[in-house]
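**Q** Provide a 3D model corresponding to the input given below.
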Amino acid sequence: MPTLRRVRRRTAGGEDRLSALPDDLILLIVSRLDTRTALSTAVLARRWARIPRELPELDFRVSDVLPPEYDRTAALRQRNLPHEKTLAKRLDGLMAHCEMDTMRTFANGVTSFLEADGGDDRRVKTLRLEFFQTRDDDGICADRMINAAVDAWGVEHLEVVVRPASGEDDQTPAYSLPHDCLSRSRLRSLTLGMYYTLPELHSYGTQLTRLVLRDMPASTPVDVYERVFQDCTQLQVLHLTSCCCAHHTLVVDAPSSQIRELVVEECSFLAIELRDLPMLVRLACCLTDTASIVFGSLPCLMDTNLTFSLEGDDLVTEHCEDDFDSFLGMSPTMTNLVIRLTRPRRWIAPSCSERQLPDLKRLLVTDLPSNWDILWTFGLLMTAPLLEVLHIHVPHSETEPEYHWRCMSLSKSRNNLRHHRLKELVVIGFTQRHIWLLKHVVSVCTSLERVVLLKDGHARYNGLWAWQIVGKQTCPWSHDEKMTVRRMIKKFELRPLVELIMG
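**A** Below you'll find the model as predicted:
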């Protein structure tokens, strides 16, 4: 087997250009590589050998060393293919054998890394670790890595993903974090993926302020999640992503909680009851199966993101006509609201909310189904008397809208309706069939200053609660279209617009 030799790049005069690079530039180059590649750069030049020791982030993932055929086989088995049982069992055996071999290679690599140069002088802020849970002792390397990271390297952000091994039965012991080490750690952020049993997080000290739970199994008792809210009083940020549960309802009643940010993304809870979270400021929910969210005591809630999504036709259909009221509770302090309706299937009926949003100032409704009557958003406007900014995005579609609106009767005189705070209306994907929304808005809004009508564009997100409108010049307005809009606005407006943009 050929051995690696140090490659020295030299100019015609014999100058070593790699060694001539300044340390800051070398570190910048190496930090943009994945961990495996970054560690291998030590063979390039003598001065590069110590640079990987200064990397602030390290990633050790067993998925990086799995052969390509493993991923193809796993994709087949996820679709229950092949249907022939004998062949399927044989493939499962091959996957299990591949996982064991890969874990041995992975464990040897991690052990070699830990033993190289002692490793005690490293300073690492973030460690990401992914491995298979097997019956062998290969998982011991994970404990060694975590102990070294917490005790010697001063890691503040730790991510541990434990992938279930193929063919393992329920008697395989579940992996547990080294509790004695973590209890005296300086961890500020912890991410756990595919865990069957959670450690005693409340004993990790007051510095652990951020927790992410991902891909929790369906056998997880609901009280595991509820205890996180109740017992981990030091947490300020909690994310639940693709978490399953043995119970349908998640009840959050944590009057001592310090959680300020809560994200629930594609979890299996059919109902979420937020009874008491006194410090919650930001809430984001990407809902697939959830049929309702109950808002209780959330006195500090200001920013909310509600994303509604269904993957396929085989999911829950009992709530296919749920009213929007099932998801918007009374929150007197909510000022920013994002409503997203993504993927082909939506089960939220376009009915107007009867609840008031008394302090809402900014509202974004994006990916609005083109077969909905856009006037639904006008009903939301009228429930928010302090709303100042209304942005609407309708993806392009040839499907004609369904003009049935269960919200409120708009046949009554608009003289009875007034909104005194709205200053800006932006509609992305504007067509002539949206002219009725524009007509109603300009005829009831006494403070309207700016109207932007874009035929194409999108909302660019800055995190989950902030956004920016981006327009595209793909289909210019004709002269007749512009004149039609201007005449309608001039006829029904209550005050002259400061700015009208049609792009």
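**Q** what sits against the spatially most central residue of the chain?
**A** Closest to where the C-alpha atoms of the chain average out (CA atoms, centre = their mean) is Glu265, at 6.5 Å. Glu265 is in contact with His239, Leu240, Thr241, Ser242, Ala284, Cys285, Cys286, counting by CB atoms under 8 Å, 6 or more residues apart in numbering. Yep, even glycine has a C-beta here, placed from its N, CA and C like the rest.
**Q** how about the secondary structure of the first one?
**A** For His239, the assignment made with DSSP: H, G, I helix; E, B strand; the rest coil gives strand.
**Q** any idea of the pLDDT on it?
**A** Looking at His239, its pLDDT reads 97.
**Q** one more: the last one?
**A** In this prediction, Cys286 carries a pLDDT score of 89.
**Q** follow-up on the earlier one: beta partners of the residue nearest to the centre of the chain?
**A** Residues in a beta bridge with Glu265, per DSSP bridges, are Thr241, Cys286.
**Q** picking that back up, now, the most widely separated pair of the contacts of Glu265?
**A** Distance extremes for these: the farthest pair is Ser242 and Ala284 at 14.4 Å, using CB to CB.
**Q** higher neighbour count, the two?
**A** Remark: of Ser242 and Ala284, Ala284 carries more neighbours, 20 against 16, as counted by other CB atoms under 10 Å.
**Q** thought the more buried one was touching Val263?
**A** Yes. With contacts counted by CB atoms under 8 Å, Ala284 reaches Val263, the gap being 4.6 Å.
**Q** mutual contacts of these two, please.
**A** Leu464.
**Q** need the contacts of Glu265 in JSON lines (columns: distance to Val451).
**A** Listed next are those as JSON lines, based on distance: CB to CB, whole Å:
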{"residue": "His239", "distance to Val451": "37"}
{"residue": "Leu240", "distance to Val451": "39"}
{"residue": "Thr241", "distance to Val451": "38"}
{"residue": "Ser242", "distance to Val451": "40"}
{"residue": "Ala284", "distance to Val451": "29"}
{"residue": "Cys285", "distance to Val451": "31"}
{"residue": "Cys286", "distance to Val451": "31"}
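**Q** of the residues you listed, closest to Ser40?
**A** Thr241 (31.9 Å).
**Q** do you know how far the closest one is from Thr342?
**A** 16 Å (CB to CB, to the nearest Å).
**Q** can I assume Lys89 sits in a strand?
**A** No. Counting by three-state DSSP, Lys89 falls outside a strand, being helix.
**Q** neighbour-wise, which of Thr241 and Thr342 wins?
**A** Set side by side, Thr241 and Thr342 show more neighbours around Thr241, with 17 against 14, by other CB under 10 Å.
**Q** got the contact list for that one?
**A** Val212, Leu213, Arg214, Asp215, Val263, Glu265, Glu266, Cys267.
**Q** just the pLDDT for the fifth one.
**A** Going back to what we said before, that points to Val263. 97.
**Q** ok, now the first one?
**A** Confidence at Val212, expressed as pLDDT, is 95.
**Q** give me the number of residues near it?
**A** Count around Val212 with other CB under 10 Å applied: 16.
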